[in-house]
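S.K.: quick one, what's the 3D model for this:
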Amino acid sequence: MIKIVNLLMFLVVCFLSAEAQVKPVNPLDVPFGDPYIIFDDNSDTYYMYGTGGVTNGFVAYSSRDLKNWKKEGIVYTAEQEKSWGTKDFWAPEVYRWEDKFYMFYSAHWKENPNNELENYKIGIAVSSTPTGPFEDITGKPLFDPGYPIIDANVYVADDGRKYLYYSRCCYKHPVKSEIADWAKKKGLYDEIEESWVYGVELKPDLTGVIGEPVLLLRPPVKRNDMQAEWESRSVTSKEINRRWTEGSYTFKHGGRYYMMYSANHFAGENYAVGYATADQPLGPYTKATNNPVLEKNTHKGGLVSGTGHNSVLITKDGKMWCVYHGRTDRTGQQRMVFIDEMKILDDGTLEVQGPTHKEDNK
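M.R.: Numbering: from 1, shown residues only. Predicted coordinates:
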């Protein structure tokens, strides 16, 4: 009997140890903004990409367990013949299709006849390995909608069609709303600029887009909108005269399309994540009533703020994780990577079980 009990205890310990091994400890020792992780079956390895780590390019990290990360070095650089970007290389996302790895990213376009301060566009680079080197495909941005764009995300539908989601920058995009009227009446700002999320179908060969972009998400117009309070904190806290809807990530679950997105200033403490759902890849999308699903916890005695620009990772054991960046009082303005488990309940409600911090477990 004693032997059986000891055996059971040993198995329990092994099970708990295995569970602990796959749970990341936040923040990770990876100084990234806009983190994105893929799993490569061939190497049984996770690869992470993000904003930061090198000037005018991108670096990558690798891991077998999501806890211990190895820096793989520079995987993309603007010092190449087909580079079209000059600065502000942001938000890389990498996808594997037909044994090739495709990196979608944002940068400042060198063709800038009007000398715009934010001349951002989206490009695509390709590599035969997840660690690069990634080379630009065409030597120019994917397309030009007539305004600056960032934060590319791609969803591949069941029929193989690819959809690109992106954010129109706030730059030179003043929008009338009750929040803008309130800010002007209070003497805070004369106008409020906004960023909006659009979606458009990609050409199969990735050389352009099909049709016209569709507006999918934007900040609330009415002050009594249930989303208005949390999506307007950058304005109401007197931080800046902008309201963002950016960093979107789209996936399908249970026949519904989920689009997660970030609101407020990426460099501020109020950066937070919400989501919306739709029946079709290009909407219409309806924002969830339980937004935001990820936000700072400092007002509750926690240590984490500036939580946002997330992606979603399904690990090889089938768990769903929310990958995002955040800050603590110890990391200061440096954005660090966090990974917290997320779930979709039986009624379709999405929940992120974070932000967590390593000191929460002490």
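S.K.: where exactly do the strands run in the stretch 101-250 of the chain?
M.R.: For the stretch 101-250 of the chain, the strands defined by DSSP state E, counting those that start in this stretch occupy 120-127, 135-136, 149-156, 162-168, 193-194, 196-202, 209-217, 242-243, 245-253.
S.K.: of these, which is nearest residue 329?
M.R.: strand 245-253 (23.4 Å; Cβ to Cβ). (Glycine included, C-beta is placed from N, CA and C.)
S.K.: what about the closest one, average pLDDT?
M.R.: On average, the pLDDT along strand 245-253 is 98.
S.K.: before we move on, what about stretch 148-160?
M.R.: The pLDDT scores in stretch 148-160 average 97.
S.K.: repeat that for stretch 352-360.
M.R.: Regarding stretch 352-360, the rounded mean pLDDT is 89.
S.K.: for it, what is the distance to the chain centroid?
M.R.: 18 Å (Cα atoms, centre = their mean, to the nearest Å).
S.K.: which of the residues in that stretch are classified as buried?
M.R.: Judged by neighbour count using 16 or more other Cβ atoms under 10 Å, the buried positions of stretch 352-360 are 352, 354, 355, 356, 357.
S.K.: need the strands of the stretch 101-250 of the chain in CSV (columns: distance to residue 30 and mean neighbour count).
M.R.: Listed next are those as CSV, based on distance: least, Cβ to Cβ, whole Å; neighbours: other Cβ atoms under 10 Å:
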stretch, distance to residue 30, mean neighbour count
strand 120-127, 20, 22
strand 135-136, 25, 18
strand 149-156, 19, 22
strand 162-168, 23, 24
strand 193-194, 31, 20
strand 196-202, 26, 22
strand 209-217, 28, 16
strand 242-243, 27, 24
strand 245-253, 17, 22
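S.K.: count the neighbours of residue 73 for me.
M.R.: 12 (other Cβ atoms under 10 Å).
S.K.: count of residues packed around the closest residue to it other than its chain neighbours?
M.R.: Spatial nearest neighbour of residue 73, excluding adjacent residues (Cβ to Cβ, 6 or more residues apart in numbering): residue 59 at 6.1 Å. Per other Cβ under 10 Å, the neighbour tally for residue 59 reads 22.
S.K.: which of the strands of the stretch 101-250 of the chain sits closest to residue 66?
M.R.: Between residue 66 and the strands of the stretch 101-250 of the chain, the tightest spacing by Cβ to Cβ is seen for strand 245-253, at 17.8 Å.
S.K.: can you list the neighbours in contact with that closest one?
M.R.: Identification of contacts with strand 245-253 by Cβ atoms under 8 Å, 6 or more residues apart in numbering yields 34, 91, 150-151, 153, 155, 158, 163, 165-167, 194-197, 199, 216-219, 231, 257-263, 266, 281, 308-312, 344.
S.K.: who does it pair up with?
M.R.: Take DSSP bridges as the rule and strand 245-253 pairs in its sheet with strand 256-263 (antiparallel).
S.K.: C-terminal to the strand it pairs with, what's the next element?
M.R.: Under the assignment DSSP states H and E, the closest C-terminal helix or strand after strand 256-263 is strand 272-278.
S.K.: what angle do that next one and strand 209-217 make?
M.R.: Using axes from the mean of the first three to the mean of the last three Cα atoms, to 10 degrees, the inter-axis angle of strand 272-278 relative to strand 209-217 is 120 degrees.
S.K.: CA atoms only: put strand 272-278 into CSV for me.
M.R.: The C-alpha trace of strand 272-278 is given here as CSV (Å, rounded to 0.1, in the frame of the first residue of the first chain):
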residue,chain,number,x,y,z
ALA,A,272,-5.2,47.7,-23.3
VAL,A,273,-6.7,44.9,-25.4
GLY,A,274,-10.3,44.2,-26.4
TYR,A,275,-11.9,42.0,-29.0
ALA,A,276,-14.8,41.8,-31.5
THR,A,277,-16.6,39.0,-33.3
ALA,A,278,-18.1,38.4,-36.7
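S.K.: so for it, mean pLDDT?
M.R.: Mean pLDDT, computed over strand 272-278, is 98.
S.K.: contacts for it, please.
M.R.: Contacts to strand 272-278, defined as Cβ under 8 Å, 6+ apart, come from residues 216-217, 227, 230-231, 233, 256-264, 284-288, 291-296, 307-308, 310, 322, 324, 348, 350, 352.
S.K.: show the subsequent helix or strand relative to it.
M.R.: Going down the chain from strand 272-278, the next helix or strand is strand 286-287, by DSSP H and E.
S.K.: strand partners (parallel or antiparallel) of whichever helix or strand comes after that following strand?
M.R.: Per DSSP H and E, strand 286-287 leads on to strand 304-314 as the next helix or strand towards the C-terminus. Sheet pairing for strand 304-314, assigned by DSSP bridges, gives strand 320-328 (antiparallel).
S.K.: off-centre distance for the strand it pairs with?
M.R.: Per Cα atoms, centre = their mean, the displacement of strand 320-328 from the mean C-alpha position of its chain is 9 Å.
S.K.: who are the packing partners of whatever helix or strand comes next after it?
M.R.: Remark: after strand 320-328, the chain's next helix or strand is strand 336-344, criterion DSSP H and E. Counting contacts by 3 or more Cβ pairs under 8 Å, 6 or more residues apart in numbering; DSSP states H and E, strand 336-344 is packed against strand 304-314, strand 320-328, strand 350-352.
S.K.: for those, give me TSV that also has distance to residue 251.
M.R.: Listed next are the helices and strands packed on strand 336-344 as TSV, based on distance: least, Cβ to Cβ, whole Å:
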stretch	distance to residue 251
strand 304-314	6
strand 320-328	9
strand 350-352	10
